[in-house]
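Student: Here is a sequence with its predicted model. Questions after.
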Amino acid sequence: NAWTNNALWILSRNGRWAAMRVPLGDFHPDNIHWQHDGTLLIAGEVGNASKILSCGPQKICGTPSMLVVFKPVQDSTATPWFIPPTTHFGAASTAIRYHGKCWLSSFLGDRMIEAPVILTGNNTGTTR
């Protein structure tokens with residue numbers, strides 16, 4: 001992920017094709033989780049980079065989060081899901097799928113939240 005660039009970079013492991021930049025929208029993609037169906041689950045923070053980085057001394061960052069599913073084979077992304085902060089959670093940095101539900105964790109705090117989205121193997125994607 002290109003956190004400061006709001007993008008995903010796809011690199012060739014064998015050097016047979018050029019690197020490709022995939023713009024992900026108005027959020028800072030933090031971590032990627034490769035799912036069993038071949039899609040990438042990407043979580044990140046929404047907002048000004050300096051403000052997000054200044055959350056460090058706090059226990060909870062009041063920054064909204066974004067969740068995106070990217071389908072590398074189709075070169076498409078599903079509709080991004082905006083996740084507002086709560087009193088106990090903000091600034092998602094990772095996401096995992098477990099039994100069709102999505103769980104987010106943050107770079108701050110000791111909590112995870114269940115995202116208000118249901119992920120299935122046949123999510124429809126919007127082609128870029």
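Tutor: Cool, got the structure. Numbers count the residues shown, from 1 in each chain.
Student: tell me which element the residue nearest the centre of the chain falls in.
Tutor: The residue lying closest to the centre of the chain (Cα atoms, centre = their mean) is Ala43, at 1.7 Å. Assigned by DSSP states H and E, Ala43 falls within strand 40-45.
Student: from the middle of its chain, how far away would the helix or strand following that strand be?
Tutor: Following strand 40-45 in sequence order, the next helix or strand is helix 49-53 (DSSP H and E). Helix 49-53 sits 17 Å away from the centroid of its parent chain (Cα atoms, centre = their mean, to the nearest Å).
Student: Now do the phi/psi pair for the residue lying farthest from the centre of the chain.
Tutor: In terms of distance from the mean C-alpha position of the chain, Arg16 ranks first, at 27.3 Å (Cα atoms, centre = their mean). The phi and psi torsions at Arg16 (degrees, to the nearest 10) take the values phi -80, psi -20.
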